[in-house]
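Q: kindly generate the corresponding structure for this input.
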Amino acid sequence: MHTELKKLAEKVSTRLETHNLRGRTVTLKLKFSDFKQITRNLSLQEQFFSYEDIFLIGSHVLNNVDLIDKSVRLLGISISNFNEVSIQHPRGNPYQLLLFD
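A: Okay, the predicted model is just below:
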């Protein structure tokens with residue numbers, strides 16, 4: 001599962017960097033073979049965006065989940081609690097971010 005977590009952390013880190021975002025909370029989502037699902041998260045005081053930080057925090061959260069006798073069918077990771085982004089229109093008016101790229 002850590003191998004898949006690494007791949008997911010890389011993707012999330014790339015997206016954060018592309019959008020110039022930093023977060024404070026890592027959330028893991030796990031769905032089991034019986035279709036029950038859980039989410040677990042960890043928040044830090046400092047902001048982060050790097051692959052290494054996301055993977056280390058995600059690994060810590062994953063290591064604290066009881067997986068004994070459970071088959072995992074889905075693993076997801078997300079970042080939240082973002083820094084505030086201040087984007088200004090060239091004429092000084094507030095600029096609305098696009099919902100879709």
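Q: which stretches in the chain count as helices?
A: 2-18, 51-63 (DSSP state H).
Q: looking at these, which is nearest to Ser78?
A: helix 2-18 (7.1 Å; Cβ to Cβ). Placement of C-beta: from N, CA and C, glycine included.
Q: so which of the helices of the chain gets nearest Ile38?
A: Short answer: helix 51-63, nearest of these by Cβ to Cβ, at 10.8 Å.
Q: tell me the angle that closest one makes with helix 2-18.
A: Angle between the axes of helix 51-63 and helix 2-18 is 140 degrees (criterion: axes from the mean of the first three to the mean of the last three Cα atoms, to 10 degrees).
Q: please name every helix or strand in contact with helix 51-63.
A: helix 2-18, strand 23-32, strand 37-48, strand 72-80 (3 or more Cβ pairs under 8 Å, 6 or more residues apart in numbering; DSSP states H and E).
Q: which positions within the first one qualify as buried?
A: I take that to be helix 2-18. Buried positions in helix 2-18, judged by neighbour count with 16 or more other Cβ atoms under 10 Å: 5, 8-9, 12-13, 16.
Q: same deal with the last one?
A: For strand 72-80, the buried set under the neighbour-count rule, 16+ other Cβ under 10 Å, comprises 75, 77-79.
Q: which one among these gets closest to Ser43?
A: Ile79 (10.6 Å).
Q: okay, the nearest residue to the closest one once chain neighbours are set aside: pLDDT?
A: In space, and not counting its chain neighbours, Ile79 is closest to Gly23: 3.7 Å by Cβ to Cβ, 6 or more residues apart in numbering. Looking at Gly23, its pLDDT is 92.
Q: count of neighbours near Gly23?
A: 22 (other Cβ atoms under 10 Å).
Q: for it, what are its contacts?
A: 16, 47-49, 79-83 (Cβ atoms under 8 Å, 6 or more residues apart in numbering).
Q: kindly report the same for Val12.
A: Counting by Cβ under 8 Å, 6+ apart, the residues that Val12 touches are 54, 77-79.
Q: can you tell me which two in the residues you listed are farthest apart?
A: Among the contacts of Val12, Ile54 and Ser78 lie farthest apart (Cβ to Cβ), at 9.9 Å.
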